[in-house]
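J.: quick one, fold the following:
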Amino acid sequence: MNQPTNYSLKQTIVAVAFILTAALTYSCQSNPATETLPILGEREAVERQVNGKTIVDTVYHQIPDFSFVDQDSQLVTQETVAGKVYVTDFFFTTCPSICPKMKSQMLRVYEAYKDNPNVVLLSHTIDPKHDTVAVLKEYAERLNVETDKWHFVTGDRDSIYDMAMQYFVGAQEDKGVEGGFSHSGHFMLIDQNRHIRGKYEGTEQADVDRLIEDMKVLLKEQQHEKK
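T.: Numbers count the residues shown, from 1 in each chain. Predicted coordinates for the structure are as follows:
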């Protein structure tokens, strides 16, 4: 990266804000009895006038529009995930540490929901210079997954790193670590409105078990909204 220090500082600030907000959100909103998931991240109170009365709406952090290319050279944008529940992560194909564990766990999510048309998986490479479309294609073929269900995407490096911050995930070049990149192993659960609904440690089976169960809750919520 051209400015690894700035990215690191920005990501640290965002991560701290996310942790504090998430902790407060879980303590205030998580309610197993009603089977709902909290909306994580920053929020803003916005006032509007309706029939002469002041109404306060809560505006939640939303993943912004994006544009990447997947292993089939297909454009992947916010339209690809429109109206769907999706799980996202950040990795690179030559990762010597946590990525193999992450992908073995993401495969469990894939197997659990591969037949559900309302679920998509989205994995971003943080090493776009090496991880070309052809490399990602070979990687996906080794995992033996359907490409319309699990998109491995690449694109402009800075756009990918900026997107990682939108998901509150750490990712940066780091010549001081093996592999040359450092990143978190988190899986992020996103709803049909592009709100963050869960954060899970992608190297831990128990936490991925929780993700798989939380996805059931979110899909039920989605069905309820469509009625």
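
J.: element containing the residue nearest to the spatial centre of the chain, please.
T.: Here the mean C-alpha position of the chain is nearest to the C-alpha of residue 88 (CA atoms, centre = their mean), at a distance of 3.2 Å. Assigned by DSSP states H and E, residue 88 belongs to strand 85-91.

J.: residues in contact with that strand?
T.: Strand 85-91 has contacts (CB atoms under 8 Å, 6 or more residues apart in numbering) with 99, 102-103, 106, 109, 118-126, 160, 164, 167, 169, 171, 183-192, 202, 211, 215, 218-219, 222. For glycine as for every other residue, the C-beta is placed from the backbone atoms N, C-alpha and C.

J.: partners of it in the sheet?
T.: strand 119-125 (parallel), strand 186-190 (antiparallel) (DSSP bridges).

J.: strands along this structure, start to end?
T.: 43-50, 53-60, 67-69, 75-77, 85-91, 119-125, 150-153, 171-173, 181-183, 186-190, 196-201 (DSSP state E).

J.: out of the strands paired with strand 85-91, nearest to residue 179?
T.: strand 119-125 (12.5 Å; CB to CB).

J.: report the buried residues of the closest one.
T.: Residues 119, 120, 121, 122, 123, 124, 125 are the ones in strand 119-125 that count as buried (16 or more other CB atoms under 10 Å).

J.: how about stretch 177-192?
T.: 179, 181-192.

J.: residues near residue 102, how many?
T.: By the criterion of other CB atoms under 10 Å, residue 102 has 24 neighbours.

J.: for residue 54, see how far away it is.
T.: According to CB to CB, to the nearest Å, residue 102 and residue 54 sit 46 Å apart.

J.: what's the answer for residue 117, then?
T.: Using CB to CB, one obtains 41 Å as the distance from residue 117 to residue 54.

J.: and residue 133, by the same measure?
T.: Counting by CB to CB, the gap from residue 133 to residue 54 is 51 Å.

J.: which one's more surrounded, those two?
T.: Higher neighbour count among residue 133 and residue 54: residue 133, with 16 against 8, using other CB under 10 Å.

J.: thought that one was touching residue 68?
T.: No: counting by CB atoms under 8 Å, residue 133 sits too far from residue 68 to count as a contact (10.5 Å).

J.: shared neighbours of the two, which are they?
T.: residue 154.

J.: any idea of the pLDDT on the residue in the chain sticking out farthest from the centre?
T.: For the chain, the largest distance from the centre (CA atoms, centre = their mean) belongs to residue 52, which lies 40.0 Å off. Here the pLDDT value assigned to residue 52 is 78.

J.: so who does the nearest residue to residue 208 once chain neighbours are set aside touch?
T.: Excluding the flanking residues, the one nearest residue 208 by CB to CB, 6 or more residues apart in numbering is residue 105, at 4.5 Å. Residue 105 makes contact with 187, 202, 203, 204, 205, 208, according to CB under 8 Å, 6+ apart.

J.: tell me how many other residues crowd the third one.
T.: For residue 203, the tally of surrounding residues (other CB under 10 Å) stands at 18.

J.: which residue sits closest to it in space, ignoring its chain neighbours?
T.: With sequence-adjacent residues excluded and distances taken as CB to CB, 6+ apart, residue 203 is closest to residue 101, at 4.3 Å.
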